[in-house]
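Participant: Return atomic coordinates for the entry below.
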Amino acid sequence: MTINSVLLAKGLCREYQQADTHLSVLDGVSLDISKGETLAIIGVSGSGKTTLLNLLGGLDDPSSGSIEVCGKDWNTLGTSARAAWRNQHVGFVYQFHHLLGEFSALENVAMPCLIGGASVAEARERATVLLTRVGLGERLKHQPAELSGGERQRVAIARALVTEPSVVLMDEPTGNLDPHTAASILELLAELNTSLGICFVVVTHDHAIAARMDRVVNLEDGKLLDSANV
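Facilitator: Numbering: from 1, shown residues only. Modelled structure (predicted):
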């Protein structure tokens, strides 16, 4: 891992055994992501993009290979230590927002801070700042059912950013939005990347989204190919 590396994956393989069938999803994937970089991972449905993202975020373990986030190898961390390191350094945004319906926007965004040990007052303050920054300062008390699809995704983005992570992993973040709302979300991500210096790793099948990233790699047959080779 270089001094500017935030996330470093080496030789990742992920295999599954289903009855008598052996399935290889990832085959020797290596990736080095630098501070402040935006990266798109593209590929057809079923190519293993989500599997790769889960490995990078420490939500699943590779069959072989290693992943370092900010100098710590997921393989060396126990369950509690891994969760704490993830809370500090990794944010997640999914195609479907996964907000907790019984809580307000403010409460949803504050939750990672509370899990990380912040006081209620500090968590609420940081959540308010982020929600205001993503244009939802007037919607703090609204529950997800009272928000539009684009607003819910903005809440999810604020939640991913509230602990000021080193990298945010995004799985088809605009896949469930109309084109206009998707464009506004992408503009927001570009602004946050520039102003906060947070890495964004975006898994997508949309080449228009990929074109907005600093770098593009293609996941094909379990292997990563640089954009120059696709």
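
Participant: List the residues that contact the most centrally placed residue in the chain.
Facilitator: Per Cα atoms, centre = their mean, the C-alpha nearest to the average position across the chain is that of L169, at 1.5 Å. L169 makes contacts with 53, 56-57, 90-93, 201, 203, as judged by Cβ atoms under 8 Å, 6 or more residues apart in numbering. From N, CA and C alone the C-beta is placed, and that goes for glycine too.

Participant: check which helix or strand covers it.
Facilitator: When secondary structure is defined by DSSP states H and E, L169 falls within strand 167-171.

Participant: And for the next helix-or-strand element following that strand, what's in contact with it?
Facilitator: Using DSSP H and E, the helix or strand that follows strand 167-171 towards the C-terminus is helix 179-196. Under the contact criterion Cβ under 8 Å, 6+ apart, helix 179-196 has outside partners 36, 38, 133-135, 148-150, 153-154, 157, 161, 164, 173-174, 177, 198-200, 209, 212.

Participant: cutoff 7 Å now
Facilitator: Judged by Cβ atoms under 7 Å, 6 or more residues apart in numbering, the contacts made with helix 179-196 from elsewhere in the structure are 36, 38, 134, 149-150, 153, 157, 161, 173-174, 177, 198, 200, 209, 212.

Participant: Which residue ranges of the chain form strands?
Facilitator: Listed from the start of the chain, the chain has strands (DSSP state E) covering 5-18, 21-34, 38-42, 64-69, 72-73, 90-94, 167-171, 199-204, 215-220, 223-226.

Participant: Can you say which of those is nearest to L140?
Facilitator: Judged by Cβ to Cβ, the one of the strands of the chain that comes nearest to L140 is strand 90-94, at 19.4 Å.
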